[in-house]
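# let me see the structure of the following:
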Amino acid sequence: MADIDEIKEEIGAIKTYLGFIVAFIITLGAGTSKVFLDNSSEFLLVLGAISIVVFTLMFAFLVNLMHKKIKSLKDK
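From the prediction side, this is the model:
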């Protein structure tokens, strides 16, 4: 029973991380669009776009990890 509780805790932690990453993506999107509309800095625009891609990839990785953990719960 302890293994199942540990996996549930890991899934809960991953959900928390996903929430933070979604907040970062939304914030970066708003900031990057503001820089784009103001036409203020190409460096910040590129940095924002790269950051959005990186955080999106992190999100996808964590979602995949969470689904694997959920499937491992199903097997127990």
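
# ok, V22 - contacts?
F59 (CB atoms under 8 Å, 6 or more residues apart in numbering). Where C-beta positions appear, they are placed from N, C-alpha and C, glycine not excepted.

# give the rounded mean pLDDT of the longest helix anywhere in the chain.
If you go by DSSP state H, the chain has its longest helix at helix 2-38. For helix 2-38, the mean pLDDT works out to 93.

# again, but for stretch 47-67
Stretch 47-67 comes out at a mean pLDDT of 96.

# list the buried ones in that stretch?
If you call a residue buried by 16 or more other CB atoms under 10 Å, then stretch 47-67 has these buried ones: 48, 51-52, 55, 59, 66.

# could I get those residues as TSV with distance to I11 and secondary structure?
Formatted as TSV, the buried residues of stretch 47-67 follow (distance: CB to CB, whole Å; DSSP: H, G, I helix; E, B strand; the rest coil):
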residue	distance to I11	secondary structure
G48	31	helix
S51	26	helix
I52	26	helix
F55	20	helix
F59	15	helix
M66	6	helix
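
# list just the nearest of those to L73.
Nearest to L73 among those is M66, at 10.7 Å by CB to CB.

# enumerate every residue touching that closest one.
Contacts of M66 by CB under 8 Å, 6+ apart are 11, 14-15, 18.

# what of L73?
Contacts for L73 (CB under 8 Å, 6+ apart) come out as 4, 7-8, 11.

# which one of those is nearest S72?
I7 (6.3 Å).

# in terms of helices and strands, where is M58?
Following DSSP states H and E, one finds M58 within helix 42-75.

# against V53, how distant is K15?
Note on K15: its distance to V53, by CB to CB, to the nearest Å, is 22 Å.

# what about stretch 69-76, distance to the chain center?
Put simply, stretch 69-76 sits 22 Å off its chain's centre (CA atoms, centre = their mean, to the nearest Å).

# next: stretch 41-50.
Centroid displacement of stretch 41-50 relative to its chain, using CA atoms, centre = their mean, is 19 Å.

# grab the CA positions of it and hand them over as PDB.
Coordinates of each C-alpha in stretch 41-50 appear next as PDB, following Å, rounded to 0.1, in the frame of the first residue of the first chain:
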ATOM      1  CA  SER A  41      13.600  44.800 -28.400                       C
ATOM      2  CA  GLU A  42      14.300  42.000 -30.800                       C
ATOM      3  CA  PHE A  43      16.500  40.300 -28.200                       C
ATOM      4  CA  LEU A  44      13.700  40.200 -25.600                       C
ATOM      5  CA  LEU A  45      11.200  39.000 -28.300                       C
ATOM      6  CA  VAL A  46      13.500  36.100 -29.300                       C
ATOM      7  CA  LEU A  47      14.300  35.300 -25.700                       C
ATOM      8  CA  GLY A  48      10.600  35.200 -24.800                       C
ATOM      9  CA  ALA A  49       9.700  33.000 -27.800                       C
ATOM     10  CA  ILE A  50      12.500  30.500 -26.900                       C
END
